[in-house]
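Trainee: no FASTA, just this:
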């Protein structure tokens with residue numbers, strides 16, 4: 001079984017330690033490092049390059065959004081899953097614009113957190129439903145006058161894209177549509193191609209920006 005390597009950035013030491021323990025005790029996952037802030041983030045992750053970073057937004061010295069930008073500029077293939085205790089409009093928007101691969105709240109249950117990690121590795125864009133709703137409202141406010149554009153999505157692709165916008169996981173989409181997990185993957189690959197995007201968060205952002213769903 002392939003091991004997914006995860007790095008943790010969180011200024012709360014007890015939580016940081018718990019996340020490290022959770023990752024190292026979960027099948028198929030391991031923690032490559034746990035850090036209190038994003039100072040020297042590029043050097044820190046270069047030692048043992050992770051597949052996924054769990055990134056707290058509110059940290060001292062160098063916060064998670066600035067850390068995300070640094071990771072993106074040096075290691076664009078590393079998935080970054082943002083975490084925060086706040087459902088803050090500006091921070092949600094800034095994290096998505098900076099290239100976050102997903103956005104979940106810290107109060108997310110451990111099982112859901114592990115699911116989100118697996119989801120982002122598969123190319124998904126996990127967002128807790130409350131965050132997904134806020135992102136939708138935020139884009140509606142910021143892009144009131146943008147014309148709807150036709151990207152030639154099929155009815156099924158529009159349906160699946162709508163579920164991505166709602167923050168559903170690939171497994172949940174498969175259940176909703178009564179199709180297999182690989183079929184969901186195939187549809188989402190086609191959606192990426194038609195929208196000219198390379199990640200789930202980009203697809204969600206473009207869907208809302210152009211009022212596709």
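Mentor: Yep, that arrived. What you see is a predicted model, and the numbers here were worked out from it, not measured in a lab.
Trainee: dump the residue contacts of residue 197.
Mentor: Counting by CB atoms under 8 Å, 6 or more residues apart in numbering, residue 197 makes contact with 203, 206. (Each C-beta comes from the backbone N, C-alpha and C, glycine too.)
Trainee: That one belongs to a helix?
Mentor: No. Applying DSSP: H, G, I helix; E, B strand; the rest coil, one finds residue 197 to be coil, outside a helix.
Trainee: The chain: helices as residue ranges?
Mentor: Taking DSSP state H as the criterion, the chain carries its helices at 13-24, 41-46, 64-74, 89-97, 110-121, 129-142, 155-165, 170-177, 181-195, 200-209.
Trainee: looking at those helices, which is closest to residue 81?
Mentor: When the helices of the chain are compared by CB to CB, helix 110-121 sits nearest residue 81, at 5.4 Å.
Trainee: Mind checking the pLDDT average for that closest one?
Mentor: Taken as a whole, helix 110-121 has a mean pLDDT of 88.
Trainee: In terms of secondary structure, what does it contact?
Mentor: Packing partners of helix 110-121 (3 or more CB pairs under 8 Å, 6 or more residues apart in numbering; DSSP states H and E): strand 4-9, helix 13-24, strand 52-56, strand 79-84, strand 102-105.
Trainee: Kindly calculate the angle that it makes with strand 79-84.
Mentor: Note on geometry: by axes from the mean of the first three to the mean of the last three CA atoms, to 10 degrees, helix 110-121 and strand 79-84 are set 140 degrees apart in direction.
Trainee: Fine, thanks again, bye for now.
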